[in-house]
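**Q** Predicted coordinates and the sequence they were generated for:
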Amino acid sequence: MVNLDTTVLLTADEVRARVAELASEIRCDSEVPVDGELHLLSVLKGGFIFLADLARALELPVTVDFIGLESYGGGMESAGAVRVRHDFEMSVHGRDVLVVEDIVDTGRTLAWLHRHVRAGHPRSLRTVTLLDKPSRRMVPVNVEHVGFTIADQFVVGYGLDHSERFRNMPHIAVLDLPAAGPGHTENRKQPAGGPG
């Protein structure tokens with residue numbers, strides 16, 4: 001196995017504090033139901049830690065569901081095609097849905113997910129992402145709540161992985177991928193066993 005170096009980008013304390021701030025922002029959002037449930041929907045596997053911490057910090061009644069998506073196109077770059085590996089199990093019809101993303105870069109996966117959720121006729125649809133890479137955006141997407149805006153770097157930790165490694169780090173780090181060469185900086189949704 002190749003030894004890969006990481007450099008801390010966001011400490012565990014910085015992440016924890018920002019998640020608490022995001023929860024407060026979401027609670028104050030006029031679109032969030034005051035007397036109803038908020039339905040949290042996250043993409044597996046990268047968003048599971050963020051979703052768990054955010055759900056606890058929200059202090060609102062929530063339901064939780066997951067969708068497994070695969071972006072494919074070869075190598076570490078996504079061609080933008082999305083395939084559902086595991087669809088959500090609960091209906092979104094009439095619900096106030098909050099998509100909980102680990103990272104938004106090109107916007108392709110999130111744009112597809114927004115269309116997929118809207119087809120189920122939710123009452124409302126909002127999005128929160130822990131990390132945003134606007135410099136990589138290829139498709140315009142609405143993200144109402146952003147944790148951190150980061151540069152075009154491959155990041156791991158706090159649920160984000162590289163070949164299923166590094167997910168359990170409590171902080172977010174930049175992964176040194178010297179052999180990958182230029183153009184290989186996109187974090188993307190992958191099936192189990194692939195880059196995050």
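**A** Arrived safely, thanks for sending.
**Q** pull the longest helix from the protein.
**A** Ranked by residue count under DSSP state H, the longest helix found in the chain is helix 12-28.
**Q** what's the spacing between that one and its chain's center?
**A** Here helix 12-28 is found 15 Å from its chain centre; the criterion is Cα atoms, centre = their mean, to the nearest Å.
**Q** Flag every buried residue along stretch 14-32.
**A** Across stretch 14-32, burial judged by 16 or more other Cβ atoms under 10 Å covers 15, 19, 22, 23, 26, 32. To be clear about C-beta, it is placed using only N, CA and C from the backbone, and glycine gets the same treatment.
**Q** Spit out the contact partners of the second one.
**A** Yep, that's residue 19 we're talking about. 50, 53, 54, 57, 130, 147 (Cβ atoms under 8 Å, 6 or more residues apart in numbering).
**Q** any idea how far it is from residue 122?
**A** Per Cβ to Cβ, to the nearest Å, residue 19 is found 24 Å from residue 122.
**Q** The first one now?
**A** Between residue 15 and residue 122 the computed distance is 28 Å (Cβ to Cβ).
**Q** How about the third one?
**A** When Cβ to Cβ is applied, the distance between residue 22 and residue 122 equals 20 Å.
**Q** Helix or strand with the lowest mean pLDDT in the chain?
**A** Least confident element among the helices and strands of the chain, by mean pLDDT, DSSP states H and E: strand 81-86 (a mean of 85).
**Q** helices or strands next to it in the packing?
**A** strand 62-72, helix 108-118 (3 or more Cβ pairs under 8 Å, 6 or more residues apart in numbering; DSSP states H and E).
**Q** For residue 168, find the nearest of these.
**A** strand 62-72 (18.2 Å; Cβ to Cβ).
**Q** Just give the strands next to the closest one in its sheet, each with its orientation.
**A** Using DSSP bridges, strand 62-72 pairs in its sheet with strand 38-44 (parallel), strand 81-86 (antiparallel).
**Q** So what touches the longest one?
**A** Same thing as strand 38-44. 26, 32, 48, 50-51, 54-55, 58, 60-69, 86, 88, 90, 92, 95-102, 109, 113, 117, 122, 189.
**Q** Thanks again, I'm all set now.
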